[in-house]
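Enquirer: Structure for this input, please:
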Amino acid sequence: MPRRTQKMPHRLITMLTEEQETALPHYRNKWRSIALLTEPINEEKVADVIKATYAISNYAEPEILFYVNPLEAIKQILTIRNFEIYIGHQIRCKFRKRIIDHLQHVIQRQLDADLFTRLRNQIQFPEFPYYPTEDQPQVSFFPIGVERCTESQLLADLNRPEFEFTNIYQFSQTLFRPAEASIWGCMFDFCISVLKLQHDQQKWRVLQDLIQECGFIFLFEKVCIVCERPCKLMFDSDNQLHGEGEPALRFTDGYGINARHGVLEQFANEFPASL
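Expert: Numbers count the residues shown, from 1 in each chain. A predicted model of the protein is given here:
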């Protein structure tokens, strides 16, 4: 029986036209606006997106739980007896491989290697997209540090005697803020909409919906934990999470994250009494 060979893309793009270059700022602005959304999530839409995400990743439909912020979500899950069995294994890494990495691989095979790198840099660092120098540092056009600072804050908040024998890392390392993938959303959108590159339409739709509809999520095999978007986000001139004398990130119940220039500040949050 003859061996099947994988179908290769029908063309390799080596450079952009002037018209294509002109279109790039529109996509940058579009996806940056999405990354900065602070309006409440629509739970019905999010539930549909989560179900589609698990289906396209070859997982059974999970139980979906909604909470106002990630700390409250973790605390509530920890009250469940044998919670590790209840939620199952974390699947964030597999999700990334099966959706984001897959889309990237298909797109990358249709672009010259230098063009792919240059385009990716032009999206995130439009003012100086190549190599940073002392006089011309690379400044991200997209906000950065939200997921990282939130993870650090969760570890600090859960560093308490009552959680001493709990593997809290399985939660912090599973935290996913789809909006952090807006840079890739912009890259894929431009390549698909402007360059007309081949792609997996279902996976692209799922990724778009995740980025545009979700706040924070914890991806586990049996349970998907969904949290609201922050109602406030503040950044410095380098687009790093930053607040002067107030939380740079805050949820509607008052839980917040104090960060300066993208680094977590180790001083007490004013948590609501319920926390």
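Enquirer: Kindly indicate whether the residue lying closest to residue 108 once chain neighbours are set aside is helix, strand or coil.
Expert: Once flanking residues are discounted, residue 108 sits nearest to residue 116: 5.3 Å by C-beta to C-beta, 6 or more residues apart in numbering. Where C-beta positions appear, they are placed from N, C-alpha and C, glycine not excepted. Of the three states, residue 116 takes helix under DSSP: H, G, I helix; E, B strand; the rest coil.
Enquirer: Residue 116: neighbour count?
Expert: Residues lying near residue 116 (other C-beta atoms under 10 Å) number 18.
Enquirer: what do you get for residue 190?
Expert: Using other C-beta under 10 Å: residue 190 sits among 24 other residues.
Enquirer: ok, residue 115 touching residue 21?
Expert: No - with contacts counted by C-beta atoms under 8 Å, residue 115 stays clear of residue 21, the gap being 11.6 Å.
Enquirer: got any residues that touch both of the two?
Expert: Counting by C-beta atoms under 8 Å, 6 or more residues apart in numbering, residue 115 and residue 21 have no common neighbour.
Enquirer: Of those two, which one has the most company?
Expert: Taking other C-beta under 10 Å, residue 115 and residue 21 do not tie; residue 115 has more neighbours (17 against 13).
Enquirer: quick one: contacts for residue 176?
Expert: By C-beta under 8 Å, 6+ apart, the neighbours of residue 176 are 92, 95, 147, 216-219.
Enquirer: Inside helices: which ones of the residues you listed?
Expert: 92, 95, 147 (DSSP state H).
Enquirer: of these, closest to residue 245?
Expert: Of all these, residue 147 has the smallest distance to residue 245: 23.3 Å, by C-beta to C-beta.
Enquirer: give me the number of residues near the nearest residue to the closest one once chain neighbours are set aside?
Expert: In this structure, residue 147 finds its nearest non-sequential neighbour in residue 177, 4.4 Å apart by C-beta to C-beta, 6+ apart. Around residue 177 there are 22 other residues, counting by other C-beta under 10 Å.
Enquirer: what's the helix or strand where residue 121 lies packed up against?
Expert: Assigned by DSSP states H and E, residue 121 falls within helix 113-124. Applying 3 or more C-beta pairs under 8 Å, 6 or more residues apart in numbering; DSSP states H and E, one finds that helix 113-124 contacts helix 18-35, helix 182-193.
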